[in-house]
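> how would this look folded up:
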Amino acid sequence: MSRRGAGALTASPALIGAVTVLVAIVAVFLAYNANSGLPFVPTYDLKAKVPNAAQLVEGFEVRIGGARVGIVSQIEPEREADGSTYAELTLELDKRIEPIPADSTLLIRPRSSLGLKYLELVPGQGRAGFAAGSTIPLRASRPEPVELDEFLNMFDAPARTGARAGLRGFGDGLAGRGEDVNTAIPEFVPLLEDLEPVARNLASPRTRLDRFVAELADAAAQVAPVAEQGAALFVNLDTTFAALAGVARPFLQETIAEAPPTEEVAIRDFPRQRPFLRNTAALFRELRPGAAVLPSAAPVLADAFEAGADVLPRTERLSEDTADVFDALAEFSEDPLVEGGVRQLGRLASSLRPTLAFLTPAQTVCNYATLFFRNSSSLLSEGDANGTFQRFVIIDIPEGPNGQGGPSTGPADGPSRENHLHYNPYPNTAAPGQTRECEAGNERYAIGRTVIGNTPGNQGTVTSGQRGAGGRR
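Next up, the predicted model:
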C-alpha cells in the first residue's frame with residue numbers, strides 16, 4: 001500500500017509542480033541575498049572607522065589577500081567632537097577568521113576600472129584581537145590611494161585642450177631640428193651631473209621645499225587679481241625688447257663685452273677717488289654759508305666785477321712795479337747780512353715771547369691799550385671854553401698824615417675818610433698765572449679804608465668799549 005502511495009505522489013502533476021515552484025523560490029531568495037550572506041550562517045561582526053567611504057556601497061566585499069572573507073553590510077556617516085567627519089562601516093565577516101589582530105589595517109581599493117571597490121583587510125602580527133562587536137579605530141585606516149577613475153578625471157576638457165596645444169607647440173618647435181636635439185642630448189649630461197647635488201639639496205627636509213611651494217601658491221593667489229596687468233607687462237616688455245633688438249649689435253653687445261673690464265677699472269680706481277670726494281664734500285660744506293648769502297651779495301659782486309673790468313686794465317703799471325718790488329725783496333733775501341739779522345730777530349722774538357704772552361691778554365681780553373690811547377687823546381683834545389681838561393682840571397689832594405700832597409713815612413691811613421691810600425701796582429689783567437679778570441679800572445672805591453694790592457673778588461672782563469665778556473669787541 002505504501003508503494004502505491006509513493007507512486008501516486010510521483011504520478012501527481014500538481015504536486016510535482018508545487019515542489020518545483022518551491023525550489024525555484026528558495027533558489028531566487030538565496031541568489032538575491034547572496035551579497036548579504038547566506039541566511040542562518042553565523043558571522044563575525046565588527047565596525048570600522050574610515051576617513052572616507054570612497055564610493056563603497058553596502059554589499060561590497062571584504063577581502064584578505066584577495067580572498068573574500070565577508071561583506072560591508074552598512075555605511076553610516078559620523079562626526080567627531082572636533083567637527084571632523086568619518087564613515088563607520090559595519091562588517092559581516094566569516095567566523096573562521098575570528099579574532100582579527102588589533103594591529104590590523106584597512107584599505108579601500110578599486111575592484112575594476114568601472115568604479116567597483118572592495119575593503120582590503122590586512123591582518124596584523126599582534127596577539128590581542130578584536131572581539132565581536134568591537135570597532136576598528138580610525139588610525140587603522142590607511143590614507144586613501146589615488147584611484148584610476150580619479151586619475152582619469154584629471155584629463156577634463158580644459159586639460160585635453162591644453163595638452164593638444166602643448167603637443168602642437170612642441171611639435172612645431174621641434175620639427176626639422178633632429179640634429180639639434182641629438183646634439184643637445186649629450187650636452188645635457190654635465191647639466192644633469194650638476195643638477196644632482198642641487199636636487200639632493202632640494203630634497204633635504206632642511207630645505208623646506210614644501211613650504212616654498214606652498215608660499216608660491218599663496219603668491220600666485222595674490223598675483224591672480226592683477227593677472228591682466230601682469231600680462232600687459234609682458235606685452236610691454238616684448239615691445240621694449242623688440243626696440244632693443246635694433247641696437248643689440250654692435251651697441252649692446254659691445255656694452256656687455258666692455259662691462260667686465262670697466263668694472264675692474266672701477267674697483268681699482270674708485271677707492272682712490274674717496275679723498276677727492278671727501279674733500280669735495282668738505283668744500284661744499286664750507287661754501288654753504290656763502291651760497292646762503294649769495295642772493296643778497298650777487299648785486300654787490302656784479303658791481304665789483306663791473307668796476308674791476310674797468311680798473312684791472314689800468315693796473316698794468318702797478319703790476320710791473322709790484323714785480324720790481326718782489327725782485328728787490330728777492331735780492332734783499334739773498335744778502336748774507338739779512339740772514340744774520342733774521343736770526344737776531346728770531347732771538348728777539350723768543351726773548352719777548354714771555355713778555356708778550358703776559359701783556360697780550362691786557363689788550364685781547366681787557367682792551368687796555370685801546371683805552372689808553374683813547375683816554376690820552378681825550379685828555380689832550382676834550383675840554384670847554386677854558387681849554388682842554390689836561391690844562392685846567394684841578395686834582396684835589398686830601399689832607400692828613402702821610403698824604404699825597406707831601407713827604408710821607410708810610411701809606412696814608414686816615415684819620416679822615418678821604419685820607420686813605422688806594423694803590424694796586426700789579427692789577428690782574430687775565431695774564432698767565434693771574435685770575436681771569438680786568439681789575440684795573442674796575443675796582444670798587446673803598447671809602448674810609450686803605451687798600452693796597454688786588455681787591456677781593458672777580459671784577460669781570462668787561463671794560464669800556466667792549467660788548468661782552470672775554471674781551472670780544
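
> Would you mind splitting the protein into its domains for me?
Under the assignment automatic domain parsing, the domains of the chain span 33-147, 239-326, 335-473.

> any idea which of the ones you listed is most buried?
domain 33-147 (a mean of 15; mean count of other Cβ atoms under 10 Å). Where you see a C-beta, it was placed from the backbone N, CA and C, and this is true even at glycine.

> Going along the chain, name the strands of this structure.
43-50, 61-64, 67-79, 85-94, 100-101, 105-110, 117-122, 129-130, 135-136, 383-384, 387-388, 422-423, 451-452 (DSSP state E).

> Kindly reformat the ones you listed as a markdown table and extend each row with distance to residue 335.
Compiled in a markdown table, the strands of the chain are given as follows (distance: least, Cβ to Cβ, whole Å):
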| stretch | distance to residue 335 |
| --- | --- |
| strand 43-50 | 121 |
| strand 61-64 | 129 |
| strand 67-79 | 120 |
| strand 85-94 | 118 |
| strand 100-101 | 126 |
| strand 105-110 | 120 |
| strand 117-122 | 122 |
| strand 129-130 | 129 |
| strand 135-136 | 125 |
| strand 383-384 | 52 |
| strand 387-388 | 49 |
| strand 422-423 | 51 |
| strand 451-452 | 54 |
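
> rewinding a little: and the domains of the chain as CSV, adding mean pLDDT?
Below are those laid out as CSV (pLDDT from 0 to 100):
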stretch, mean pLDDT
domain 33-147, 80
domain 239-326, 88
domain 335-473, 79
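
> Would you mind telling me which of these is nearest residue 163?
Taking Cβ to Cβ, domain 33-147 is the member of the domains of the chain nearest to residue 163, at 19.2 Å.

> Next one: residue 332 relative to residue 319, how far apart?
Per Cβ to Cβ, to the nearest Å, residue 332 is found 20 Å from residue 319.

> can you count the residues close to residue 228?
A count of neighbours around residue 228, defined by other Cβ atoms under 10 Å, yields 8.

> ok now do it, which residues does it touch?
If a contact means Cβ atoms under 8 Å, 6 or more residues apart in numbering, then residue 228 has no contacts.

> And it, how close does it get to residue 234?
11 Å.

> Could you do residue 242 as well?
12 Å.

> ok, now residue 188?
28 Å.

> Repeat that for residue 124.
Taking Cβ to Cβ, one finds residue 124 at 57 Å from residue 234.

> ok, which stretches of the protein are helices?
Assigned by DSSP state H, the helices in the chain fall at 2-10, 13-32, 148-153, 157-174, 178-203, 209-223, 227-245, 253-311, 316-333, 336-364, 368-381, 389-392.

> Including distance to residue 407, could those go into JSON lines?
JSON lines is the format used below for those (distance: least, Cβ to Cβ, whole Å):
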{"stretch": "helix 2-10", "distance to residue 407": "194"}
{"stretch": "helix 13-32", "distance to residue 407": "165"}
{"stretch": "helix 148-153", "distance to residue 407": "138"}
{"stretch": "helix 157-174", "distance to residue 407": "132"}
{"stretch": "helix 178-203", "distance to residue 407": "114"}
{"stretch": "helix 209-223", "distance to residue 407": "112"}
{"stretch": "helix 227-245", "distance to residue 407": "112"}
{"stretch": "helix 253-311", "distance to residue 407": "65"}
{"stretch": "helix 316-333", "distance to residue 407": "57"}
{"stretch": "helix 336-364", "distance to residue 407": "33"}
{"stretch": "helix 368-381", "distance to residue 407": "28"}
{"stretch": "helix 389-392", "distance to residue 407": "26"}
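
> Of all those helices, which one comes closest to residue 443?
That would be helix 368-381 among those, by Cβ to Cβ, at 14.1 Å.

> That closest one to helix 336-364, inter-axis angle?
80 degrees (axes from the mean of the first three to the mean of the last three Cα atoms, to 10 degrees).

> ok so, going back, which of the strands of the chain sits closest to residue 171?
strand 105-110 (34.5 Å).

> if I look at residue 135, how far off is residue 224?
Following Cβ to Cβ, the distance that separates residue 135 from residue 224 is 45 Å.

> next one: residue 205
Here residue 205 is placed at a distance of 30 Å from residue 224 (Cβ to Cβ).

> Also residue 75?
For residue 75 relative to residue 224 (Cβ to Cβ), the value is 39 Å.

> ok, now residue 283?
55 Å.

> Nearest to residue 461 among the helices of the chain would be which one?
When those are compared (using Cβ to Cβ), the closest one is helix 336-364, at 9.3 Å.

> OK, contacts around the closest residue to residue 119 other than its chain neighbours?
Excluding its sequence neighbours, the residue lying closest to residue 119 (Cβ to Cβ, 6 or more residues apart in numbering) is residue 62, at 4.7 Å. Residue 62 makes contact with 68-72, 91, 93, 118-119, 121, according to Cβ under 8 Å, 6+ apart.

> roughly how far apart are residue 62 and residue 135?
If you go by Cβ to Cβ, the gap between residue 62 and residue 135 works out to 15 Å.

> again, but for residue 178
64 Å.

> can you check residue 378 too?
Counting by Cβ to Cβ - residue 378 and residue 135 are separated by 125 Å.

> just to revisit the earlier point, ok, which of the domains of the chain comes nearest residue 165?
domain 239-326 (24.0 Å).

> okay, stretch 294-301 in CSV with CA atoms only?
The C-alpha atoms that make up stretch 294-301 are tabulated as CSV, following Å, rounded to 0.1, in the frame of the first residue of the first chain:
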residue,chain,number,x,y,z
LEU,A,294,74.8,134.7,-2.5
PRO,A,295,71.3,136.0,-3.5
SER,A,296,71.8,139.2,-1.4
ALA,A,297,75.5,139.5,-2.3
ALA,A,298,75.1,138.9,-6.0
PRO,A,299,74.3,142.5,-6.9
VAL,A,300,77.3,143.8,-5.0
LEU,A,301,79.5,141.2,-6.7
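
> Run the chain-centre distance for that stretch.
46 Å (Cα atoms, centre = their mean, to the nearest Å).

> got it, and stretch 161-169?
For stretch 161-169 - counting by Cα atoms, centre = their mean - the centre lies 45 Å from the chain centre.

> who's in contact with it?
For stretch 161-169, using Cβ under 8 Å, 6+ apart, the contacting residues are residue 155.

> ok, now stretch 173-193?
Stretch 173-193 has contacts (Cβ under 8 Å, 6+ apart) with no other residue.

> thinking again about what came up before, residue 201: which of the strands of the chain is closest?
Comparing the strands of the chain under Cβ to Cβ, the one sitting nearest is strand 105-110, at 34.5 Å.

> counting contacts, what elements does that closest one pack onto?
strand 43-50, strand 117-122 (3 or more Cβ pairs under 8 Å, 6 or more residues apart in numbering; DSSP states H and E).

> Can I get those in JSON lines including distance to residue 267?
Rendered in JSON lines, the data for the helices and strands packed on strand 105-110 read as follows (distance: least, Cβ to Cβ, whole Å):
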{"stretch": "strand 43-50", "distance to residue 267": "67"}
{"stretch": "strand 117-122", "distance to residue 267": "68"}
